[in-house]
Every structure is written in structure tokens, then in C-alpha cells.
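> Output the structure for:
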Amino acid sequence: MPLTVANLQNRFQSQIAPGDDTEFYRILSEADERLLESGRWHWTREKLELTVDTVTQYVELPDGYSAIVACRLDEVPIGVRWEESEYYEEGVGEIPIDGCRYRIVDQGVIDGARTFKVVGENIETVFVLAKIESAGEIDDPSDELICPSATALKLMCLGIVYEEANDIDRSQAYEGNSLRKLKDYEDSYRGIAREIFSPTQYNKLPRRARVNIP
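Numbers count the residues shown, from 1 in each chain. As a prediction, this is how the structure comes out:
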């Protein structure tokens, strides 16, 4: 379930911006955006099926998405190329990548939409992993955060607070801890989290009567 601003206000606004909702919303917005941009976490992208415009050979990302992380045609992965590749002497269609002759070329933002040119013949549909766009400024308690980890958000908020107070060492420490918590969250999601401690090493053993000890 997505985290809401109201939930996080109740949990730690007093540590971030006591009594100042506007300031808390500003810092929380920035923390959410920083964590969204900090890595290719599973919650930062979604699968989309895009229809190719048969006239322009363009596909556009819908609202709420900022970039293509990966893409394929049917079962064939294809490379995403920068705009500059269209100006290579050999031409974009002749650059071999992984033995695939199809390409998607970033065209930047056209009429407000992130646009890509599909290079190849008879292509109607492209399947992509699209990066989620930042939610922007938070201004309502019912707004939802993109980052799913409350702990990571709290630590990043504190990092921003200390950064703006010019306490860079403490800021970096909080931001580093935030990213580590986010990595732990991602590892748990992927089923590769490691056991942090051995219970038998730290838990008190049950007391046994002396007569039971061999």
C-alpha cells in the first residue's frame, strides 16, 4: 500500500519540521524525488505497451513517466540510443547492438511528451520498462509518495535538513543511511536479503537445571 503524506506527518513531522506543514511538504517532496532518482529500484518503473505512430514512427510516454529503462519487440530486446546517434556518419540504422537491427532513438520532449523514434519496418507495438516521473510538489495530506520505504524517506528528510543547515558531514551520513535502508528494502523484495544476526548469538539461552547438563 502506498505511503500517504498524512501517515508520514503523524510519524515524524515533529523531527523534520515541527508545526510547519508547508516546510514538511517541501522537504518530503525533495526526499521522495531524490530517492526516486537514486537507483533502478523495482518501484521506480512499470511495464507499458506503446503503440507506434505509423506516420512518424514515434512512440510517446504517457503522463507520469519520464524515460524508457529497457524495451523489446515481442521477445527481442532492443537498444535505446541517444539523439546524437542519428548524427553518426554510419547512421543510426547501421549501428549493430546485440545483433538486433531495430532501435529506439530518444527524441527528447516533443509537445510536452518524452518521445522516441522507432527504427525498423512494420513495427506496431513496443513493450517497455518506463521510469516513473517525480510526483512533484506535495501539497495535500492525501497525496501518495512514490518511495515505499518510510524509514528511507525519514532519513533522507533529515539529510536535507542538515544539508540546508550546512552540516554536510551529518547530512551525508543520513543520506548514506537512507540509501542503505532502501537497498535493504530492495533486497528483501527480490528475496536476497541476508540475515542480519544469528538469533542464537544474541538471544538469551533458556536456563537448564544442572542435573540436565551432561
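> drop to CA atoms for contacts and neighbour counts, all remaining ones
Will do.
> And the strands in this protein?
Counting by DSSP state E, the chain has these strands, from start to end: 45-51, 58-60, 65-73, 76-81, 103-110, 113-119, 125-132.
> center of this protein, which residue is that?
If you average the C-alpha coordinates of the chain and look for the closest C-alpha using Cα atoms, centre = their mean, you land on residue 44, 3.1 Å from that point.
> Wait, it touches residue 36, no?
Yes - with the criterion set as Cα atoms under 8 Å, residue 44 and residue 36 qualify as a contacting pair; they are 6.2 Å apart.
> Which helix runs longest in this structure?
Across the chain, the longest stretch assigned as helix under DSSP state H is helix 168-190.
> which residues are contacting it?
Applying Cα atoms under 8 Å, 6 or more residues apart in numbering, the external contacts of helix 168-190 come out as 35, 38, 41-42, 149, 151-156, 158-163, 193.
> for stretch 127-147, same thing?
Under the criterion Cα under 8 Å, 6+ apart, residues 2-6, 22, 25-26, 28-29, 32-33, 35-36, 43-50, 61, 64-74, 153 lie in contact with stretch 127-147.
> 7 Å instead, please
Residues from elsewhere that reach stretch 127-147 (Cα atoms under 7 Å, 6 or more residues apart in numbering): 2-6, 25-26, 29, 32-33, 35-36, 44-50, 64-73.
> Alpha carbons only: can I get that stretch in PDB?
As requested, C-alpha coordinates have been extracted for stretch 127-147 and formatted as PDB (Å, rounded to 0.1, in the frame of the first residue of the first chain):
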ATOM      1  CA  PHE A 127       7.000  -3.200 -24.800                       C
ATOM      2  CA  VAL A 128       8.900  -1.000 -22.400                       C
ATOM      3  CA  LEU A 129      10.000  -0.600 -18.800                       C
ATOM      4  CA  ALA A 130       9.200   3.000 -18.200                       C
ATOM      5  CA  LYS A 131      10.700   5.100 -15.400                       C
ATOM      6  CA  ILE A 132       8.100   6.700 -13.200                       C
ATOM      7  CA  GLU A 133       8.200  10.500 -13.100                       C
ATOM      8  CA  SER A 134       8.600  12.500 -10.000                       C
ATOM      9  CA  ALA A 135       5.300  13.400  -8.300                       C
ATOM     10  CA  GLY A 136       6.400  17.000  -7.900                       C
ATOM     11  CA  GLU A 137       5.400  19.200  -5.000                       C
ATOM     12  CA  ILE A 138       3.300  17.700  -2.300                       C
ATOM     13  CA  ASP A 139       0.500  20.000  -1.100                       C
ATOM     14  CA  ASP A 140      -2.100  17.700   0.500                       C
ATOM     15  CA  PRO A 141      -2.100  15.100   3.300                       C
ATOM     16  CA  SER A 142      -3.900  12.700   1.000                       C
ATOM     17  CA  ASP A 143      -1.000  12.800  -1.600                       C
ATOM     18  CA  GLU A 144       0.900   9.500  -2.000                       C
ATOM     19  CA  LEU A 145       4.700   9.100  -2.000                       C
ATOM     20  CA  ILE A 146       6.400   7.200  -4.800                       C
ATOM     21  CA  CYS A 147       9.100   5.700  -2.500                       C
END
